[in-house]
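Enquirer: when you get a sec, could you give me coordinates for this:
(2 chains)
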Protein chains: 2
Amino acid sequence: MDYSTNDSKSTSKKKVVAVVGGGLVGNLNACYFAKRGFQVEVFESREDIRQAKIVKGRSINLVLSHRGRQALKHVGMEDTIISKGIPMHSRMIHALNGTQSPIPYGKKGQYILSIDRANLNKELLSAAETTETGAMTFVRAEGAKEEIQADLIVGCDGAFSAIRKQFLRQSRFNYSQTYIPHGYLEFTIPPINGEFAMKPNNLHIWPRNTFMMIALPNLDKTFTCTLFMPFEEFEKVTTGDKVIEFFQKYFPDAIPLIGAEALKRDFFRLPAQAMVSVKCSPYHFGDKCVLMGDAAHAMVPFYGQGMNAGFEDCLVFNEIMDQLNEDFSAVLPEYTRVRVPDDQAIADLAMYNYVEMREHVNSKWFLFRKNVDNFLHIIMPRTIIPLYTMVTFTRTRYHKVVKHWHWQDKVINQGLLFCAAVSVAGGSYLLVRYLPSMPNIPIEQLWSRLCTLCWGQ
Amino acid sequence: MDYSTNDSKSTSKKKVVAVVGGGLVGNLNACYFAKRGFQVEVFESREDIRQAKIVKGRSINLVLSHRGRQALKHVGMEDTIISKGIPMHSRMIHALNGTQSPIPYGKKGQYILSIDRANLNKELLSAAETTETGAMTFVRAEGAKEEIQADLIVGCDGAFSAIRKQFLRQSRFNYSQTYIPHGYLEFTIPPINGEFAMKPNNLHIWPRNTFMMIALPNLDKTFTCTLFMPFEEFEKVTTGDKVIEFFQKYFPDAIPLIGAEALKRDFFRLPAQAMVSVKCSPYHFGDKCVLMGDAAHAMVPFYGQGMNAGFEDCLVFNEIMDQLNEDFSAVLPEYTRVRVPDDQAIADLAMYNYVEMREHVNSKWFLFRKNVDNFLHIIMPRTIIPLYTMVTFTRTRYHKVVKHWHWQDKVINQGLLFCAAVSVAGGSYLLVRYLPSMPNIPIEQLWSRLCTLCWGQ
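Expert: The predicted structure follows:
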């Protein structure tokens, strides 16, 4: 079979692509393949999300940033989606005493967007169905054992992918699934007098070392709060009173915002949800089947890159389709070769941020280094780029992001060490030179002040 | 249900244990459970190994060492098995020019054993069937869909365990399977005039950096050779002539031993076999099911610990059964808690040895450090214990072995650094003191000699 573009455009029989999974990545893929003129069939076992109520246990809102936007842009959907998103310019850190301090995500004007999952999915689904060049059928296959007849099967069926399970049968398929010890629960902060109860253009974070809470704004002026905590800690909170006690101890400012009664109720509405990190390789099977999105690389949600990486999968696949003239026997191995190291890098970064978000943001050293990085970025914008910026506001390949990060981290730390050495040397000189004329400050006190400054707490 | 020993001994109805998998670990487990008075049923889909020909694609011989021996001893089988093993006191390193140099495995009198897999399995199976206290049935269940009715299911069904596949369905089950880029092929070195063609009491190694060959002695005076090489290298060797060319380049001394015709034939008899490292956690499901051996932790074969770790699983489970009075609801979680970190440690060590065996043994620094370690072990036998010794000749828990190894590695390297510094300081002093009277040797020449001495090649 010849898959070159010319042939495909000239033959009357369209190639058939079966997209398994009608979630975000599945529907975006449908748009991409339809745009190429393929006949696309989307298989989804759940009911049509446009008619469905909120899907149980899935997060309500998501973070959209540069990579996801670029992927949407290519199918002409960026503006529609952005218009229904809420820009977030900073993390807003809530200290235990209730004070809030912002840490910007990037330079002025750079922001990430809080997006409603259900609405995004609806928009994508409708766009896929109405793409003119491709005939779309939407098949609901609830448990039905259907034979899929297609030139290509695209597995976009999420972290618990049934398509990926078939891959496990082949020899030399590398696979790992790792559950973290934390689970999550969601709460809602309703509007106050029709307005947002907190500053809306921020991602609010309550970092508490072993656990944390975050809140993202919604279009209806509510916030969705997510509490991340080890399962064993969840198990200790067994009654409504204990919920309040727990929040009074760690998130006192959130109680009036969520409401004590709502807290007591929602804490027990669902069990805490598990989070899994999935890696596998290869992403393809022969020239017949390929995995994208969470099916290929489910990650923990702490970098806000799950959807963005999944969307970028579609974009990268599309780029390779162009390069290799839609020849699946070449495109699929190339997609694996190019994309596996990038997806594994972002999955690892998400796991790293799992610690950073709840611990490091509490440390003065972390904040100091962030300021140093931002300063150096301003004076050397191409050489020093903060990690978060590379991940969130560029399309630099994820694995190159990690490489560059390690390199510049080493360089900056050595530079700081050098500055410190020079300061100490200079200080010593001045001390020896002018000591007799200085007031008498105990050296321990100086040292302890210095330590507090550098390492915090 | 009460599983306490007293109850179990006093009731007339025996508890039923279903052991899935009639390989080495399955049959040893059958012995252990039968010895406790359980009714044991072993399920095995392949035909009875006692009647079967050599199993395709499984290695022919295995390494038995202290942990495996202790596990056999507990069911009274150590002596029988050892009598049919061949002691190997050293690695015998074959250089490219054919010279052979031994590296002992431990102190004088310490050795590992080359054991025939088929015979070991026969002996274990027969022992399990004839254990007096337990009624044994051996069920052959080839593809039959049988309902297993048992108080406990023990999954010993190997690296591709069907039981473990069921575990994948539960939430929060951590799992990884990693294939290495190397495959393996086996050859035979026949006896010469009825005698071993090489020194029999060694494990022969031809380390060639990216690939290697090893040979283990058999009771019939043959050696089984195993060639480990990246799959892509195997694919380059496409004809009999290329096989000979390849061996002439890398293993010239092995050609007359294996025989050119046999080499050409056996190289293409089977495709190169893949090797997988499997980790998972937990090992148990409720109080009903538990994984042991390769089903729980398949590892690459480069530490000779696969079988030993699997046998030690049985021994550890047995120890916990004693401690917790055969109460499965307590024994199973405790087995997971105790055994997972140990099995993961030895799987990692096996992966580490995958590099050490084919690369490091070629380095003079490695041999120097080995001698230092051995020397320190002699003068401080409780403080400094070579890694290989802890793994192979003790029952120190694997994860503690790794901890101790890292600790002593740091200490020894710091010690060597200190000695080097003292030598340099002393040398400098002498140089300055006596330089005028020394003959004129260029410093570059001294330096290059030193480098050759330390890093080899």
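
Enquirer: is any residue of the stretch of helix or strand A:Arg337 belongs to near chain B?
Expert: In the assignment (DSSP states H and E), A:Arg337 maps to helix A:328-358. No - using C-beta under 8 Å from any C-beta of the partner chain, helix A:328-358 stays clear of chain B, coming no nearer than 12.5 Å. Placement of C-beta: from N, CA and C, glycine included.

Enquirer: just checking, next helix/strand downstream of that helix?
Expert: Where DSSP H and E defines the elements, the next helix or strand beyond helix A:328-358 is helix A:364-379.

Enquirer: could you look up the next helix or strand downstream of that next one?
Expert: Downstream of helix A:364-379, the next assigned helix or strand under DSSP H and E is helix A:387-393.

Enquirer: output that following helix as CSV, nothing but the C-alphas.
Expert: This file holds the C-alpha atoms of helix A:387-393, laid out as CSV (Å, rounded to 0.1, in the frame of the first residue of the first chain):
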residue,chain,number,x,y,z
LEU,A,387,13.0,25.9,33.6
TYR,A,388,9.3,26.9,34.0
THR,A,389,9.6,29.3,31.1
MET,A,390,11.1,26.7,28.7
VAL,A,391,8.5,24.1,29.6
THR,A,392,5.5,26.5,29.6
PHE,A,393,6.2,29.3,27.1
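
Enquirer: quick check: closest non-adjacent residue to A:His404.
Expert: Spatial nearest neighbour of A:His404, excluding adjacent residues (C-beta to C-beta, 6 or more residues apart in numbering or on different chains): A:Met390 at 6.7 Å.

Enquirer: wait, what's in contact with the one you found?
Expert: Listed by C-beta atoms under 8 Å, 6 or more residues apart in numbering or on different chains, the contact partners of A:Met390 are A:396, A:401, A:404-405.

Enquirer: could I get those residues as CSV with neighbour count, pLDDT and secondary structure?
Expert: Formatted as CSV, these follow (neighbours: other C-beta atoms under 10 Å in any protein chain shown; pLDDT from 0 to 100; DSSP: H, G, I helix; E, B strand; the rest coil):
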residue, neighbour count, pLDDT, secondary structure
A:Thr396, 18, 97, coil
A:Val401, 23, 96, helix
A:His404, 16, 94, helix
A:Trp405, 19, 94, helix
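
Enquirer: distance of the residue nearest to A:His404 from A:Leu64?
Expert: Look at A:Met390 and A:Leu64: by C-beta to C-beta, to the nearest Å, they are 17 Å apart.

Enquirer: and if you look at A:Lys221?
Expert: 19 Å.

Enquirer: kindly report the same for A:Val316.
Expert: Distance from A:Val316 to A:Leu64, by C-beta to C-beta: 17 Å.

Enquirer: do A:Cys280 as well
Expert: Distance, A:Cys280 to A:Leu64, by C-beta to C-beta: 25 Å.

Enquirer: and stretch A:327-342, what's buried?
Expert: Going by neighbour count (16 or more other C-beta atoms under 10 Å in any protein chain shown), the buried part of stretch A:327-342 is A:327-328, A:330-336, A:338-340, A:342.

Enquirer: wait, stretch A:229-240
Expert: Applying a neighbour-count criterion of 16+ other C-beta under 10 Å, the buried positions in stretch A:229-240 are A:229, A:233-234, A:237.

Enquirer: next one: stretch A:397-412
Expert: By neighbour count on 16+ other C-beta under 10 Å, the buried set for stretch A:397-412 is A:397-399, A:401-402, A:404-405, A:408.

Enquirer: could you single out the nearest of the residues you listed to chain B?
Expert: Minimum distance to chain B across the buried residues of stretch A:397-412 is 18.4 Å, recorded for A:His399 (C-beta to the nearest C-beta).

Enquirer: residues touching A:Arg339, list them.
Expert: Counting by C-beta under 8 Å, 6+ apart, A:Arg339 touches A:283, A:296, A:313, A:316-317.

Enquirer: extract the CA atoms of stretch A:154-174 and return them as CSV.
Expert: Provided in CSV are the C-alpha atoms of stretch A:154-174 (Å, rounded to 0.1, in the frame of the first residue of the first chain):
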residue,chain,number,x,y,z
VAL,A,154,-4.8,5.9,17.2
GLY,A,155,-5.0,5.0,20.9
CYS,A,156,-6.1,8.1,22.8
ASP,A,157,-7.9,6.2,25.5
GLY,A,158,-6.2,7.7,28.5
ALA,A,159,-4.1,6.5,31.4
PHE,A,160,-5.8,3.1,31.6
SER,A,161,-5.7,2.6,27.8
ALA,A,162,-7.2,-0.6,26.4
ILE,A,163,-5.1,-0.2,23.3
ARG,A,164,-1.9,0.0,25.3
LYS,A,165,-2.9,-3.2,27.1
GLN,A,166,-2.6,-5.0,23.7
PHE,A,167,0.9,-3.5,23.3
LEU,A,168,1.9,-5.3,26.5
ARG,A,169,1.6,-8.7,24.7
GLN,A,170,4.3,-7.9,22.2
SER,A,171,7.9,-8.7,23.1
ARG,A,172,10.4,-5.9,24.0
PHE,A,173,7.6,-3.4,25.0
ASN,A,174,8.9,-1.3,27.9
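
Enquirer: chain center to it: distance?
Expert: Chain-centre distance of stretch A:154-174: 22 Å, with C-alpha atoms, centre = their mean, to the nearest Å.

Enquirer: same deal with stretch A:404-411?
Expert: So, by C-alpha atoms, centre = their mean, the centroid of stretch A:404-411 is 22 Å from its chain's centroid.

Enquirer: wait, a strand at A:Gly158?
Expert: No - assessed with DSSP: H, G, I helix; E, B strand; the rest coil, A:Gly158 is coil; it does not lie in a strand.

Enquirer: chain neighbours aside, what residue packs nearest to it?
Expert: Using C-beta to C-beta, 6+ apart, the nearest residue to A:Gly158 is A:Asp294, at 4.6 Å.

Enquirer: any idea how far the one you found is from chain B?
Expert: Distance of A:Asp294 to chain B, given as C-beta to the nearest C-beta, to the nearest Å: 16 Å.

Enquirer: what is the burial count for that residue?
Expert: If you count neighbours by other C-beta atoms under 10 Å in any protein chain shown, A:Asp294 ends up with 25.

Enquirer: can you check the pLDDT for it?
Expert: In this model, A:Asp294 is scored at 97, pLDDT.

Enquirer: who wins for neighbours among the contacts of A:Arg339?
Expert: Among the contacts of A:Arg339, the one with the most neighbours (other C-beta under 10 Å) is A:Ala296, at 32 neighbours.

Enquirer: SS state for it?
Expert: helix.

Enquirer: thought it was touching A:Asp342?
Expert: No - using C-beta atoms under 8 Å, A:Ala296 is not in contact with A:Asp342, being 10.9 Å away.
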